[in-house]
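Asker: build me a model from this:
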Amino acid sequence: MAGASAGQVAQTIIRPQAGPQTTFLASPADIAIYGGSAGGGKTWALLMEPLRHVANPQFGAVFFRRTTVQVRNEGGLWDESEKLYPLMGAQPKEHNLQWKFPSGSALSFAHLEHDKTVRNWQGSQIPLLCFDELTHFSAKQFWYMVSRNRSMSGVRGYIRATCNPDADSWVAGFISWWINQDTGFAIPERAGILRWFVRIGDAIIWADQPQDLADYRQPDGTPIPPKSVTFIPAKLTDNAALMAADPGYMANLMALPTVERERLLGGNWKIRPAAGLYFQRAWCQVVDALPTDITWIRGWDLAGTPKIEGNDPDWTCGTKMGKTRDGRYFIADHRRDRTSPAGVERMIKNTADADGTNVRISLPQDPGQAGKSQVATLTKLLAGYNVRSSPESGDKITRFGGFSAQAEAGNVFVLRGNWNETWFTELESFPEAEHDDDADSTSRAFNALLDGSTAALFGTYGNR
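Answerer: So this is what the prediction gives:
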């Protein structure tokens, strides 16, 4: 943006990048879905879309994320809109997440956290609906909001959406024509091509041309107007601006575990978590000695049901892991047992005694009063040891992802021991195995080592 001296008018040229972003913003489709990989310029493409209409005082658009937190996240929709919309003379109303343009048109940001949240939009008329990360929304939410996509502003109602791949989402089925069902990758020749559909009940009938759907009619005999759809894939390499501004972002995506890397970097719509994708023993080097300059933590996953005939309870597992200053991770010991609550207490206390006070202890805290009571009991039992407890955050695969990435990169070493085979086998079976307690204790140890506040907490407070 050039500065303006007397008699000059500052001008800013806002335009999409050549390639998929331009194709998306030029699409005539009623519903256009953009993305399929991280870093493809999805957020800015979505934010630019309504700018063509903001001189119309009757025009309005709503941007949806699943939660308000996602709207406000750093680098998210609202954050990025603050860099763009003031250039068009828009004024923010941050308390209700809305931009007002000089013409009087308004762009709003909202959430659809629950399926029932759509009721808040009953009676609304929204010329442009924008969904950021469409796979986060349920099909019920999307199709209800389609009914709100109408307009008296002179702008024909239409929908724009962005997403990353999710093989289990309804979106994967909706855009399946644009995706190679054998490889999971987008078919380049079909990018941006329009297809038409009508919806009969819950069934979607597709056609290559709108006239091919002319026989589908409403109860009164009038034809059902077909809607057009397209999908435009984009990858990080299509976003020259981001590649130039943050050359390290490619390395960040390359460091992801296999499944997430295939989704977010490769744009794979078919890949799912499966045994062997998150851990392979060949990624680790088995060693006979440990370095001396190392920080140790024992991570636990707790269970309290003993093994009896006819049942298959979870295991109580404890993984001792250390990190060196140069970023290597060492697994020194792994223990597991199926025992009673009292047996679990003895197991944890005896293991702490064997590890010594230089090994910190990380315990999971289940929600509810019972979880708090259990942690309080164990913390008291472990007086004299560095103990920290915390609730689990995120799903099991997400929690395991960081360790998986380090293992695949060759940064995990395993001390030779008679427990190796069991640990290797259980982690290679994750997440499809009947039990994932060994992976959970490993995740807890790894994430506790990464937690920047852990050392400070232990160092300052000791036993908690």
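Asker: count of neighbours near residue 163?
Answerer: When neighbours are counted by other Cβ atoms under 10 Å, residue 163 registers 24. (C-beta placed from N, C-alpha, C; glycine too.)
Asker: again, but for the one 10 residues further on
Answerer: Residue 173: 12 surrounding residues under other Cβ under 10 Å.
Asker: which strand or helix spans it?
Answerer: helix 170-174 (DSSP states H and E).
Asker: after that helix, which helix or strand is next?
Answerer: strand 195-200.
Asker: wait, residue 293 touches residue 324, no?
Answerer: Yes - if you go by Cβ atoms under 8 Å, residue 293 and residue 324 touch, sitting 6.2 Å apart.
Asker: quick one: which of the two has more around it?
Answerer: Legend: neighbour count by other Cβ under 10 Å for residue 293 and residue 324, higher for residue 324 (16 against 8).
Asker: now the helix holding residue 173 - C-alpha only, PDB.
Answerer: Coordinates of the C-alpha atoms in helix 170-174 are reproduced here as PDB (Å, rounded to 0.1, in the frame of the first residue of the first chain):
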ATOM      1  CA  TRP A 170     -19.600 -36.100   5.100                       C
ATOM      2  CA  VAL A 171     -17.700 -33.700   2.900                       C
ATOM      3  CA  ALA A 172     -15.500 -36.600   1.600                       C
ATOM      4  CA  GLY A 173     -18.600 -38.200   0.100                       C
ATOM      5  CA  PHE A 174     -20.000 -34.900  -1.200                       C
END
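Asker: for it, list every residue counted as buried.
Answerer: For helix 170-174, the neighbour count (16 or more other Cβ atoms under 10 Å) marks 171-172, 174 as buried.
Asker: before we move on, what about stretch 260-280?
Answerer: Buried, per 16+ other Cβ under 10 Å, within stretch 260-280: 260-271, 273, 277-280.
Asker: inside helices: which ones of these?
Answerer: Here DSSP state H is the test, and these give 260-264 as lying in helices.
Asker: export those residues to TSV and tack on pLDDT?
Answerer: Below are these laid out as TSV (pLDDT from 0 to 100):
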residue	pLDDT
260	86
261	89
262	89
263	88
264	89
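Asker: so which of those residues is the closest to residue 328?
Answerer: residue 261 (21.3 Å; Cβ to Cβ).
Asker: quick one: contacts for the closest one?
Answerer: 253-254 (Cβ atoms under 8 Å, 6 or more residues apart in numbering).
Asker: same check on residue 112?
Answerer: 64, 66, 118, 137, 141, 145 are the contacts of residue 112 under Cβ under 8 Å, 6+ apart.
Asker: let's go with 7 Å and repeat that
Answerer: 64, 66, 118, 137, 141 (Cβ atoms under 7 Å, 6 or more residues apart in numbering).
Asker: of all the residues you listed, which two lie farthest apart?
Answerer: Farthest apart among the contacts of residue 112 - using Cβ to Cβ - are 66 and 118, which lie 12.2 Å from each other.
Asker: domains in the chain, by residue range?
Answerer: By the assignment in automatic domain parsing, the chain contains the domains 20-245, 281-461.
Asker: mind listing the strands in the stretch 351-464 of the chain by residue range?
Answerer: 359-364, 387-390, 412-415 (DSSP state E, counting those that start in this stretch).
Asker: how about the stretch 201-350 of the chain?
Answerer: So, for the stretch 201-350 of the chain - with DSSP E, counting those that start in this stretch - the strands run 203-207, 227-233, 285-287, 294-301, 316-324, 329-337.
Asker: how about low-confidence regions in the protein?
Answerer: In the predicted model of the chain, residues 1-12, 304, 306-310, 452-464 satisfy pLDDT under 70.
Asker: how does it look with 80?
Answerer: Within the chain, the ranges that satisfy pLDDT under 80 run 1-14, 36, 273-275, 304-312, 367-371, 433-434, 452-464.
Asker: now do stretch 270-277: distance from first to last residue.
Answerer: 14 Å (Cα to Cα, to the nearest Å).
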